[in-house]
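# Need coordinates for the below:
(chains A, B and C)
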Amino acid sequence: MFVKKDFLYILPAIAFLLVFAVYPTVFGINISLRRWILYYPQQGTPFVGLQNYIDIFLSSSFQLALQTTLKYVIISVGLTFVIGFAEAYLIDKVSFRGKEVVTTLLILPLTIVPVVVGFMWRFMYKEGFGLITAWFLPSLGIRVPTILGDPVLAFWGVLVADVWAQSPLVFLILTAGFTSLPKAPYEAAMLDGASSWQTLRSITLPLLQPVILIAVLLRTIDAFKVFDIIWIMTSGGPGTATTTLNVLGYETAFESYNMGKASALGIIVLYISLALTMVFVRVIGRKKK
Amino acid sequence: MSTRRNNKTSILKRILIYGSIFLFLIFCFVPILWLVEGSFKTHAQDITIPPLWIFPPTLENYEAILSVCAPYFLNSAVISIVSTLLSLLLSIPAAYALSRLSLKGKDTIKMTILSIRMGPAFASIVPFYLLMKNFGPFRLLDTQISLILIYTVFNLTFLIWLLEGFMNEIPLQLEEGAMLDGCSRLGALTRITLPLITPGLVVAATLCFIFSWNEYFFALALTREAAVTVPLGIAMRVSFMNIPWEEMCAYSTLAILPTLLVCILFRKYLVRGLTFGAVKG
Amino acid sequence: MKNLFESRRALTKMKAIIITAIIIVACIAAVAAYFVTLPSTTSEKTTVTLCTWGDWMLTGLVKNGVKQPLLVEFENETGITVNFVFAAEDAIRTKIWLDVTSHTGAYDILGMDNYAVAQLAVGDFVEPLEPYVQNKPYAKYFQGFNDFYTSTLDANTYEGKLYALPTYTFGAGYTYRADLFAKYNVTVPTTFAELEAACAKLAAGFAADGLDIAPITMRGVKGEEPTIETTGITWAYGASWFNGNARTVNEINSTKAMPMFNSTEFVAGYEEYGKLGRNWGPAGLSDYSWYECAVDLAEGRTASFLGFSAMYWFVKSTTQLPLTNFKIALAPMGPVRRMDTFWTFSYFLNKDSQNKDAAWKVLQLIASKQGMTEMAKTNLINTLPLKSLMEGEDIKNWTKTPDDDMATIIESFNVSSILYAPMIPEYKDLCYMLGTAASQILAGENTAQGALSLVEEMAIKTMKDAGYYK
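Numbering: from 1, shown residues only, chains lettered A, B, ... in the order given. Sure thing, here's the model as predicted:
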């Protein structure tokens, strides 16, 4: 039923993206094959082929950052998804006065500027008078000398802050999905005496599949790109404990001023997140019946 | 089916459900309460342990920032609203086309669009800077336009996917039925499909707004004085000498308000939920 | 009939959508027309834009967005309007580098630090200042170089040319809580061995009294921050960055001097730093920036700071504790030399500036005695590069500095210089690697030997890639 002229629908968006996304992409690929140090402009941008890529792959800082990033992305996406899904599921199940208020409050962390999220949690983690280190954890009987100063705890500290700020994204997307669910299958299931676990597994999850996919993809891509929170809380430290690929890239571009290498790293990160995304599409995005 | 047995399990269930919701609420809300309260504290009050939840408030933090930050809020508002509108305008037809189109390269197109979002900022900042510096005859550095354009690019990348996902849930029969009645394709889109995916549209618009409002890195690179946005304004208060935490709280509390307003305005549309059980059966 | 009706409604709908679209595009165009900067015709007023993270040093000119009398007078006399762009350090660095690399020239004056001197000079992004001084001094504000401490000018000179005027500097100092030292009967250390003993004694005293105070603090956050101190300590232990202490591009190239980061002396210096930090530093030290150190010292959570003399004025200007509690001593001696932490903050003239003459005038204002006097008066800054100010009487009153402390600061300037660090464009990059190693050591991620071996590898690669050792 779709006529060829309906192609026009997609044209404005594609045209827009082409204009603005092509130049940076081409530029990035071009520069990644060259050597460009910002403070040596007289050296120009000589072609070095794949040297930047080889240097990156062989460097221990890249390998370490890759490990850290994969760990970070998988845990972050997993946690935000579980939390966001749980929140959406529970909110969908209940109805009470003030439900809208509760929903809005649950969305709030997403509305905080990431730079502020970084400062806020850094302040809460501060040894001596931070809300968490000096009040919350001691009231649970846990005393830690430092969070952001310890390599392992810093990783988890940054992760918690990120999960806190980003779970509402999953919540929001899934809530839209939940509210669009048809009533009929559920009524049928109740008549058949199905338990809530069974309804969840065989009715809700399949119906929500496209929405779940979107939420996971979006979260994965954003998790690869987390920067502000990490930079403000630990600058990628202590040592290299929270240096993800994105942090490494920023350092390469704006501390070492090595743009060639930074572009190459950008392309590598793009392909890694593309690969992970496609894995998720395969696993979650089964064809609709 | 015994009603008494149902009541007992449902009470236990209810406790579990409401209890979990309460815990999530605490998790989400307590830090924000801390933030908002911090905006009314002096530094000395801020660092006392056990933390002060009730204390005599002060307005000095708000006074300190209000004189400077009004233009930033204006910039952020214009940029976020225009970018959201533009993104929706471009992405709705595109998502519709992708949803209804049966084309071989559809998945490739979708993946390519999404991959634009995956490029990390540090790599794209220099080309975007150069692009905006000399965009044809225009000098777009330090203008709202540059940020609107860039944010639209990034918003489009996920909006198309999101809206296509929601549109996929609307069965074709509804539109075909309408078109048999004499409706045009566009009419079917606007009068059948869009109303049915209102929750999705609301979420999409909210997310666009939030992303545009909160974006920091491109705002940092592409603006100087005239087009400074709120997140950049907050970061610019941090100086060598001082991280004005209480001021930052005040600033952030003000910054939450517009996005909060957007959320509140459209929450109703989300919760209302439109089902179409009649057709799904 | 029905079809016609439907299609007419559809048409109206279509028209509505098109009209909305046109309105939106028109709005965008209007906004664009308002904000897009088209090539401007010559304007009456000249504007000079200054971009820096050192807004706290310019409070004599502009405070909280309000222009101060000194600047207002200048603007009236010269007809120049000065705009300021302030933000945090890494934000400003990013902005400045984007500007100079693309030759945009939006920022006429760049306020940066020594890390940038070699890079900006080599890249030919900034103007050498001597020609300007020869031809066009604004005598009211600039009276020549004699009043500047030579060390501060040397730090801003690259291959014989001066590229920036310094307005602020560090000497090598050690700030401590005199009251706590007196209370626990601790003598002020003059060597690293004495420093360790002092820390141990303080720690014992604090523990006995149940006080949660760290005897010492230093910068430890990953990045280039700790490097000034850590390489100051390695200097004290007799180490040098490159073989034979080659410091300039020519020296390194002519002697093919390799980096010496895993030499015995260098490792010893880092081990000392690690020992002090891990045994007697606060718990979160591996994430401590300049700011955390200062706040800890000012708020009484630490008893001393091993680093630059400038910490002293900052702490005193923000603390609620009595000012007499804080005193300053010279940085300790190591086995070979005294620890050095020399650094300057200075202002450069952008080569792509459209208003170089006007910018030069503003530069002279900033680096003038009047400008620095305001720095001292408004922020209690007592580490300035002008001899007449530092050695005069007034500064002690303005900055509430007792005579003996002022003498110590001046002495710290005299024994301190940029010789402990190399003057090459790769300096900043190497600082970043060395600072990250410091943070690793404090966090217990690696030993000094291990961390520095990694740095040595990376440094050799960086130097080779940059074309040295050909």
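# close to chain C, is stretch B:211-219?
No. Taking C-beta under 8 Å from any C-beta of the partner chain as the criterion, stretch B:211-219 and chain C are apart, separated by no less than 8.8 Å. From N, CA and C alone the C-beta is placed, and that goes for glycine too.
# Residue 220 - how many residues pack around it?
No chain was given, so I picked chain A. Residues within reach of A:Thr220, counting by other C-beta atoms under 10 Å in any protein chain shown, total 21.
# Chain B, not that one
The number of residues near B:Leu220, taken as other C-beta under 10 Å, comes to 25.
# That one contacts B:Ala235, doesn't it?
Yes. B:Leu220 lies in contact with B:Ala235 (C-beta atoms under 8 Å); the separation is 7.3 Å.
# Return every residue with contacts to both of those two.
Counting by C-beta atoms under 8 Å, 6 or more residues apart in numbering or on different chains, the shared contacts of B:Leu220 and B:Ala235 are C:87, C:91.
# and C:Phe326, what are its bridge partners?
Beta-bridge pairing for C:Phe326 (DSSP bridges): C:Arg177.
# residues touching it, list them.
Residues near C:Phe326 by C-beta under 8 Å, 6+ apart: C:175-178, C:297, C:312, C:315-316, C:319.
# how far away is A:Ala15 from C:Glu159?
As judged by C-beta to C-beta, to the nearest Å, A:Ala15 and C:Glu159 stand 51 Å apart.
# same question, C:Asp405
37 Å.
# neighbour count winner among these two?
The neighbour comparison of C:Asp405 against C:Glu159 (other C-beta under 10 Å) goes to C:Asp405, with 24 against 13.
# Just the element for the more buried one, please.
Taking DSSP states H and E as the criterion, C:Asp405 maps to helix C:403-414.
# Which positions in that helix come out as buried?
Within helix C:403-414, the residues scored as buried using 16 or more other C-beta atoms under 10 Å in any protein chain shown are C:405-406, C:408-413.
# was I right about C:Met112 contacting C:Trp97?
No. Assessed by C-beta under 8 Å, C:Met112 is found out of contact with C:Trp97, at 10.1 Å.
# Dead centre of the chain: give me the residue that sits there.
Answering for chain A, as no chain was given. By C-alpha atoms, centre = their mean, chain A has its centre lying nearest to A:Ala223, at 2.0 Å.
# Hmm, no, I was thinking of chain C.
Short answer for chain C (C-alpha atoms, centre = their mean): C:Asp113, at 5.0 Å.
# Next one: A:Thr244 relative to chain B, how far apart?
Separation of A:Thr244 from chain B (C-beta to the nearest C-beta, to the nearest Å) stands at 10 Å.
# okay, that residue: pLDDT?
For A:Thr244, the model assigns a pLDDT of 95.
# so who does it touch?
A:Thr244 neighbours (C-beta under 8 Å, 6+ apart): A:65, A:68-69, A:72, A:224, A:226, A:230, A:236.
# wait, which of those is closest to chain B?
When the contacts of A:Thr244 are compared for distance to chain B (C-beta to the nearest C-beta), A:Phe224 comes out closest, at 6.9 Å.
# in stretch C:97-110, what's buried?
Neighbour counts over stretch C:97-110 (16+ other C-beta under 10 Å) mark C:97-102, C:104-110 as buried.
# is that stretch up against chain A anywhere?
Yes. Interface with chain A: stretch C:97-110 contributes C:97, C:101 (C-beta under 8 Å from any C-beta).
# what about chain A, any weak spots by pLDDT?
For chain A, the stretches flagged by pLDDT under 70 are A:1-7, A:286-289.
# Would you mind naming what in the stretch 301-450 of chain C lies close to chain B?
Counting by C-beta under 8 Å from any C-beta, the residues of the stretch 301-450 of chain C near chain B are C:314, C:318, C:320, C:379.
# which of the residues you listed tops the neighbour count?
Counting by other C-beta under 10 Å, top hit in these: C:Phe314 with 27 neighbours.
# is it true that that residue lies in a helix?
Yes. Counting by DSSP: H, G, I helix; E, B strand; the rest coil, one finds C:Phe314 located in a helix.
# isn't C:Thr324 right up against C:Arg177?
No. Taking C-beta under 8 Å as the definition, C:Thr324 is not a contact partner of C:Arg177, at 10.4 Å.
# Between these two, point out the one with more neighbours.
Between C:Thr324 and C:Arg177, C:Arg177 has the larger neighbour count (other C-beta under 10 Å), namely 23 against 11.
# May I have the predicted confidence score for the residue nearest to the centre of chain C?
pLDDT, C:Asp113: 90.
# how near is the residue nearest to the centre of chain A to chain B?
Noted for A:Ala223: a distance of 11 Å to chain B, by C-beta to the nearest C-beta.
# Roughly how far does that residue sit from B:Leu114?
Here the criterion is C-beta to C-beta. By it, A:Ala223 lies 14 Å from B:Leu114.
# Am I right that C:Asn146 falls within a helix?
No. According to three-state DSSP, C:Asn146 belongs to no helix; its state is coil.
# Is there a neighbour count for it? I'd like the number.
Neighbourhood size, C:Asn146 [other C-beta under 10 Å]: 8.
# Any residues of the stretch 151-281 of chain B in contact with chain C? List them.
Counting by C-beta under 8 Å from any C-beta, the stretch 151-281 of chain B sits next to chain C at B:181-184, B:186-187, B:190-191, B:220-221, B:224-227, B:232, B:235-236, B:238-243.
# Is B:Ala84 in contact with B:Ser212, as I believe?
Wrong residue type there; residue B:84 is Thr, not Ala. Yes. Under the criterion of C-beta under 8 Å, B:Thr84 makes contact with B:Ser212 at 6.5 Å.
# Please name the residues that touch the closest residue to C:Phe261 other than its chain neighbours.
Leaving aside its sequence neighbours, C:Phe261 sits nearest to C:Glu456 (C-beta to C-beta, 6 or more residues apart in numbering or on different chains; 4.4 Å). Taking C-beta under 8 Å, 6+ apart as the contact definition, C:Glu456 lies against C:259, C:261-262.
# Would you mind measuring from the residue lying closest to C:Arg337 once chain neighbours are set aside to chain B?
The shortest distance from C:Arg337 to any non-neighbouring residue, by C-beta to C-beta, 6+ apart, is to C:Ala236 (5.3 Å). Distance, C:Ala236 to chain B, using C-beta to the nearest C-beta: 26 Å.
# ok, now C:Val336?
Distance, C:Val336 to chain B, using C-beta to the nearest C-beta: 32 Å.
# doesn't that residue fall inside a strand?
No. Applying three-state DSSP, one finds C:Val336 to be coil, outside a strand.
# my guess is it contacts C:Ile233, does it?
No. Shown here, C:Val336 and C:Ile233 do not form a contact pair, counting by C-beta under 8 Å, at 11.2 Å.
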